[in-house]
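**Student:** can't give you the sequence, but here's the structure:
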């Protein structure tokens, strides 16, 4: 099991709009793939796994990842060839190569193909996380979490409790602020009324669950009126906050 304290010590990373880091893990051993997936999801990254080189190329073409984890030995085409093909499409994506080969020629071959770093098997999860974290930090595609939550053009300062949209101040009551804070912590996620009640009010309102609908309507008046809407109702499921189109 990974060291949870080591994971917690990593500064959170996310895109400026609040969306998670996207990592593509290409590993044909399911046990190792799962071993990598769990801690990456713990730090809030969106993880896609596959065990075939050609499938990895297809996935990366369909949805560009922020960082790659590639096993050196794969069925179909190996990790080095996957990297060569992906570098032709997305030369900026950082890549970490996993290899059981400790020979200098193999390491040099991987780096020459475009790998930014490598880890030799067997490895510790903590080392892989640290190296991936540094690769993503250096890539410049995401930012470390600060004292602000940002979703699209909506910004919340966690120190001053000031909220702006398109640079214009948004005045909120304490409860409206707490509700918006919860929505902005979970951008693009559909949140049920019961989840919102528990997070914002900390107890079950029972028959007064319509309090959520009431405060969502208050927020919409503050956030969305006269602008492209950000707060959306998903019928039968709840509410979702996402950047305006």
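**Tutor:** Yes, it's here. All figures in this text were calculated on a predicted structure; none of them were measured in a lab.

**Student:** what mean pLDDT does stretch 168-179 have?
**Tutor:** Confidence for stretch 168-179, expressed as mean pLDDT, is 93.

**Student:** what's the first-to-last distance across that stretch?
**Tutor:** In terms of Cα to Cα, to the nearest Å, the two terminal residues of stretch 168-179 are separated by 19 Å.

**Student:** next one: stretch 135-151
**Tutor:** Distance between the boundary residues of stretch 135-151 (Cα to Cα) amounts to 24 Å.

**Student:** Give me the mean pLDDT for it.
**Tutor:** Along stretch 135-151, the predicted confidence averages to a pLDDT of 75.

**Student:** Just the buried positions in that stretch, please.
**Tutor:** Of the residues in stretch 135-151, those scored as buried under the neighbour-count criterion (16 or more other Cβ atoms under 10 Å) are 135-137, 139, 141-142, 148-151. C-betas here are computed from N, CA, C, even on glycine.

**Student:** which among those gets closest to residue 184?
**Tutor:** Here the nearest of the buried residues of stretch 135-151 to residue 184, counting by Cβ to Cβ, is residue 149; it sits at 4.3 Å.

**Student:** before we move on, the earlier item: next step: the buried residues of stretch 135-151 restricted to strands.
**Tutor:** 148-151 (DSSP state E).

**Student:** Just confirm residue 199 contacts residue 182, I think it does.
**Tutor:** Yes. Using Cβ atoms under 8 Å, residue 199 and residue 182 qualify as a contacting pair, with a distance of 4.8 Å.

**Student:** hmm, back to that, let me have the ones in strands among the buried residues of stretch 135-151 in TSV, adding distance to residue 56 as columns.
**Tutor:** Putting those into TSV (distance: Cβ to Cβ, whole Å) gives the following:
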residue	distance to residue 56
148	35
149	33
150	31
151	30
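
**Student:** between those, which is closest to residue 244?
**Tutor:** Top of the list for closeness to residue 244, among these and by Cβ to Cβ, is residue 151 at 9.5 Å.

**Student:** Quick one: residues contacting that closest one.
**Tutor:** Taking Cβ atoms under 8 Å, 6 or more residues apart in numbering as the contact definition, residue 151 lies against 17-18, 184, 187, 230, 241-243.

**Student:** neighbour-wise, which of the residues you listed leads?
**Tutor:** Taking other Cβ atoms under 10 Å to define a neighbour, the member of the contacts of residue 151 with the most is residue 241, carrying 25 neighbours.

**Student:** quick one: pLDDT of it?
**Tutor:** pLDDT recorded at residue 241 is 95.

**Student:** Hmm, residue 185 and it touching each other?
**Tutor:** No. At 9.5 Å, residue 241 and residue 185 do not qualify as touching, with contact defined as Cβ under 8 Å.
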